[in-house]
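Peer 1: sequence and predicted structure below; questions after.
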Amino acid sequence: MALHSSWMSNKLVVKPSRTHDQGVFARKAIAKGERVAIFGGDIIRIDEIPTLPRRLRQYTMQIEERFVLGTRSGQLEDTDYFNHSCSPNVGFRGQVFLVALRPIRPGEEVTFDYAMVVSPSVGSDITFQMSCQCGTSKCRRSISESDWTLPDLQRRYDGYFSQYLQEKINAAKRRK
């Protein structure tokens, strides 16, 4: 029996995605605010990502300026297949909980905006940048570790950034 460090709602299923090899999709309707997943894994320093097997490097999720969640065992979990979208339907509560931003219909791919979790790292030269092909009307085409600072995204995702980023955003608002 495989050990799992993450949890995903039984209303979700992993299957092929039009934008990636695999994605997470709703099998049943999901209500706004409903918890859909809890991320777990090995806590890895960002500067250790290059030591992971190449196929596992893309399955890390930043949880703080110096750390990511990932796997050293090589065993991926269903939660590793949540893809990015510039028009997401889920966001974060706390550091590792994903909740629905709006009602989600059966068959819909369940996605979050990587701007909700990714920021420049501290103590590492590793930077995050990717091309986006989500195809939505809000597509930014290029996703970077600084997207969380964009005022439009801060308004759209207020309260749905991972905790460490939401705290940075809230502190900046208090200074204004």
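Peer 2: Cool, the structure landed. Numbering: from 1, shown residues only.

Peer 1: what's the weakest-modelled helix or strand in this protein?
Peer 2: Least confident element among the helices and strands of the chain, by mean pLDDT, DSSP states H and E: helix 54-57 (a mean of 91).

Peer 1: list the strands paired with the following helix or strand past it, with their directions.
Peer 2: Remark: after helix 54-57, the chain's next helix or strand is strand 61-64, criterion DSSP states H and E. In the sheet, strand 61-64 lines up against strand 67-70 (antiparallel) (DSSP bridges).

Peer 1: now the strand it pairs with: average pLDDT?
Peer 2: Here strand 67-70 scores 95 as its mean pLDDT.

Peer 1: what's the answer for stretch 98-112, then?
Peer 2: For stretch 98-112, the mean per-residue pLDDT is 98.

Peer 1: which parts of it are buried?
Peer 2: Across stretch 98-112, burial judged by 16 or more other Cβ atoms under 10 Å covers 98-101, 104, 109-112. The C-beta positions use only the backbone N, C-alpha and C, and glycine is treated the same way.

Peer 1: who touches the helix or strand where residue 172 lies?
Peer 2: Element membership of residue 172 [criterion: DSSP H and E] is helix 163-175. Counting by Cβ atoms under 8 Å, 6 or more residues apart in numbering, helix 163-175 makes contact with 63-65, 92, 94-95, 116-117, 119, 148, 154, 158-159, 161, all of which sit outside it.

Peer 1: what's the most distant pair in the buried residues of stretch 98-112?
Peer 2: Spatially, the most separated pair among the buried residues of stretch 98-112 is 99 and 109, at 16.3 Å (Cβ to Cβ).

Peer 1: from residue 4, how far off is residue 25?
Peer 2: Per Cβ to Cβ, to the nearest Å, residue 25 is found 19 Å from residue 4.

Peer 1: look at these two and report which has more neighbours.
Peer 2: Counted by other Cβ atoms under 10 Å, residue 25 and residue 4 do not tie: residue 25 has more neighbours, with 20 against 13.

Peer 1: does the more buried one have beta-bridge partners, and which?
Peer 2: residue 13, residue 109.
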